[in-house]
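J.: starting from these lines, generate the structure:
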Amino acid sequence: MLTIDKLREYGADVDEGLARCMNMEDFYIGLVKKALADNRLPLLEQQIGEGDLDAAFETVHALKGMYANLSLSPLTKPLSEITELLRSRTVTDYSSLLVEAKEQFETLCSL
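T.: From the prediction side, this is the model:
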C-alpha cells in the first residue's frame, strides 16, 4: 500500500508535493497512483528508438511535468535529462537514462 512514509523513503519530496495538494494526504496519494497508472515510458522508448525526437520530446516533457509536480524526484531526474537532450533534438544513446527512468518507475510502483 502506497503511503507518505514509503514515498519519503523512495526519495520523493513529500512536503513539497503535499503543499501542492493543499496538504491533503489522500489527494496527494491519489494523484501519485494516477500518475503510476499512466505509463508512457514504453511509448517514449519506442519513439526514441524510431528516431521520432519531436514526438519523444512531447511525451517526455509531459511525463517530467507530471512527476515533477508530484515531487517524485528520483523519477523526475532522468526524465529531466532526457527532456533537455530532446529539447535540442540531440541524437545520442538514451538507453542508460531510459533504464534509470524505468527502474525508478518500477521501484515506485512496488511501494
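
J.: name the helices or strands packed onto the helix or strand encompassing Asp26?
T.: Secondary structure from DSSP states H and E places Asp26 in helix 25-37. On a contact count with 3 or more Cβ pairs under 8 Å, 6 or more residues apart in numbering; DSSP states H and E, helix 25-37 meets helix 4-10, helix 14-20, helix 95-109. No exception for glycine: its C-beta is placed from N, CA and C like everyone else's.

J.: what comes into contact with the last one?
T.: Just to be clear, that refers to helix 95-109. Helix 95-109 is contacted by residues 10, 36, 39, 41, 44-45, 48, 72, 74-75, 77-79, 81-82, 85 when judged by Cβ atoms under 8 Å, 6 or more residues apart in numbering.

J.: repeat for stretch 25-41
T.: Applying Cβ under 8 Å, 6+ apart, the contact partners of stretch 25-41 are 2-4, 7, 14, 17-18, 20-21, 59, 62-63, 66-67, 70, 72, 98, 101-102, 105, 108-109.

J.: let's go with 10 Å and repeat that
T.: 1-4, 6-7, 12, 14, 17-22, 24, 46-47, 59-60, 62-63, 66-67, 69-72, 75, 79, 98, 101-102, 104-106, 108-109, 111 (Cβ atoms under 10 Å, 6 or more residues apart in numbering).

J.: low-confidence stretches in the protein?
T.: Across the chain, nothing is flagged by pLDDT under 70.

J.: do you know which of the helices and strands packed on helix 25-37 lies nearest Asp54?
T.: The closest of the helices and strands packed on helix 25-37 to Asp54 is helix 95-109. By Cβ to Cβ, the value is 17.5 Å.
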